[in-house]
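Student: Sequence and predicted structure below; questions after.
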Amino acid sequence: MPESFFVLSKDYLELAIDEVIAISKMYDRFAKAKVISNLVIIQSKTNWNKITKRASFVKISGQILRKMSGLFLDEGNVEVLKNAKTFVCRIINLSSNQFNIPELERSMGDMISKFSHAKVELQNPDITVYLIFTDQENFFGFSKRISKKNRPKKIKNHPHELDWKLTRVMINLIGLKEGETVCDPFCGTGTTLLEAESMGVHAIGLDFDKKMYKISKENLKTNGYKSKVFKSDFQELSKISREFNGIVTDLPYGRASKASEKPEEIMEKFFSIPLKRKKMAIMYKKELGKNLKLKGIKKYEIYRHKSLTRTILIK
């Protein structure tokens, strides 16, 4: 079975690792994963590019051709360059050893040039060839040039809106596939709705605040997205539960959606809503969740500053 590699950003590394594994298992439940530091090796029938397009914290990715005991290449290793006009070599050193990386990349390029008609192109090559060093194993792999998808645009923002990368992670961690529907009952400026639609996931947003409701609609319209937005209280969730597969949201922790209710009261009411068989990724202020003794599949802590740590609960 093909193997793919994913070099992850070390920001929120636990989240990043779990996200890549969740995406791979969402498309192929028999997928297997191996983690070496911030490198994830996925054995799956799913193409590496499909996983990369959904993930938030992947820096470099591609397909593994073989594991290597040393720097040794032959004609069989560069078959991938058969129809390529240009290539570049890149060394990724995740080991404790020190290498002269520029020299290694030049030598690797010279070796490949002997077996290939492709020419070295440092900017935007057809194929990037990788040699990945770790303290456990070395890997030889490649990636093809892929076009970057434009990010959803926002014409209006809010200082406390949900971070778009964490939003994507939350959607991925609960395994929502293209064509399924996510609901954000505190949608604010529409971050969840925008990210979901950019991933091929349908979305429904609720917000009691008239201003936030209007901003969400404007941001969706700017991108030509069709998500539904309702000026409604979150307690309406139970009435529309048949219309969505999962919930991704950031619970209010400062100014509440209702001025008369404290964030603690909103949290308690939210978690008391009967929503059986719904996948959930809920972010909330860590201190607010202590008294509720919330249970789930997993929790992640997101440190913001000394007076604010956020928790992501996966249910």
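Tutor: That came through, no problem.
Student: The helix or strand that Leu313 is a member of - which strands sit beside it in the sheet, and in what orientation?
Tutor: Taking DSSP states H and E as the criterion, Leu313 maps to strand 308-314. Sheet partners assigned to strand 308-314 using DSSP bridges are listed as strand 279-285 (antiparallel), strand 298-305 (antiparallel).
Student: mean pLDDT lowest for which of those?
Tutor: Mean pLDDT per stretch puts strand 298-305 lowest among the strands paired with strand 308-314, at a mean of 89.
Student: residue ranges with poor pLDDT in this protein?
Tutor: Across the chain, the ranges flagged by pLDDT under 70 are 68-78, 254-260.
Student: circling back to that earlier point, okay, buried residues for the strand holding Leu313 please.
Tutor: By 16 or more other C-beta atoms under 10 Å, the buried positions in strand 308-314 come out as Arg310, Thr311, Ile312, Leu313, Ile314. Using the backbone N, CA and C atoms, a C-beta is placed for each residue, glycine as well.
Student: before we move on, what about stretch 13-26?
Tutor: Leu15, Ala16, Ile17, Asp18, Glu19, Val20, Ile21, Ala22, Ile23, Ser24, Lys25, Met26.
Student: Disregarding residues adjacent in the polypeptide, which is nearest to the last one?
Tutor: Closest residue to Met26 in three dimensions, ignoring its sequence neighbours and counting by C-beta to C-beta, 6 or more residues apart in numbering: Gly175, at 4.5 Å.
Student: burial measure for the one you found, as a count.
Tutor: Using other C-beta atoms under 10 Å, Gly175 has 15 neighbouring residues.
Student: From Asn245, how far out is it?
Tutor: Per C-beta to C-beta, to the nearest Å, Gly175 is found 9 Å from Asn245.
Student: Looking at the buried residues of stretch 13-26, which are in strands?
Tutor: Judged by DSSP state E, the buried residues of stretch 13-26 include no members of strands.
Student: Between these, which sits nearest Pro125?
Tutor: Val20 (24.6 Å; C-beta to C-beta).
Student: how far away is the closest one from Ser9?
Tutor: Counting by C-beta to C-beta, the gap from Val20 to Ser9 is 11 Å.
Student: anything in contact with each of those two?
Tutor: Common contacts of Val20 and Ser9, defined by C-beta atoms under 8 Å, 6 or more residues apart in numbering, comprise Val58.
Student: hmm, who's touching the host helix or strand of Glu287?
Tutor: Assigned by DSSP H and E, Glu287 belongs to helix 286-289. The contact list for helix 286-289, computed with C-beta under 8 Å, 6+ apart, reads Leu251, Tyr253, Pro263, Glu264, Met267, Glu301, Thr309, Arg310, Thr311, Leu313.
Student: Return every residue with contacts to both of Gly175 and Asn245.
Tutor: Lys279.
Student: Can you show me the helices along the stretch 101-250 of the chain?
Tutor: Along the stretch 101-250 of the chain, the stretches classed as helices by DSSP state H, counting those that start in this stretch are 101-115, 164-173, 191-198, 210-223.
Student: among these, which is nearest Asn47?
Tutor: The closest of those to Asn47 is helix 164-173. By C-beta to C-beta, the value is 16.3 Å.
Student: Mind listing residues that contact the closest one?
Tutor: So helix 164-173 is in contact with 12, 15-16, 18-19, 22-23, 26, 54-57, 151-152, 182, 191-192, 194-196, 199, 201, 246, 248, 281, 283, 302, 312, 314, going by C-beta under 8 Å, 6+ apart.
Student: tell me the domain ranges of the chain?
Tutor: Split into domains by automatic domain parsing, the chain comes to 3-144, 164-314.
Student: Can I get those domains in JSON lines including distance to Asn157?
Tutor: Output for these, formatted as JSON lines (distance: least, C-beta to C-beta, whole Å):
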{"stretch": "domain 3-144", "distance to Asn157": "19"}
{"stretch": "domain 164-314", "distance to Asn157": "6"}
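Student: for those, which one sits closest to His158?
Tutor: domain 164-314 (5.0 Å).
Student: rewinding a little: restricted to helices, list the buried residues of stretch 13-26.
Tutor: Leu15, Ala16, Ile17, Asp18, Glu19, Val20, Ile21, Ala22, Ile23, Ser24, Lys25, Met26 (DSSP state H).
Student: and the contacts of helix 286-289, which two are the farthest apart?
Tutor: Greatest spatial distance in the contacts of helix 286-289: Glu264 and Glu301, 19.0 Å, computed using C-beta to C-beta.
Student: Looking at the two, which has the bigger crowd around it?
Tutor: Higher neighbour count among Glu264 and Glu301: Glu264, with 16 against 12, using other C-beta under 10 Å.
Student: Quick check on that one: phi, psi?
Tutor: Reported as degrees, to the nearest 10, the phi and psi values for Glu264 are phi -60, psi -40.
Student: For it, give its distance to Ser238.
Tutor: Distance, Glu264 to Ser238, using C-beta to C-beta: 21 Å.
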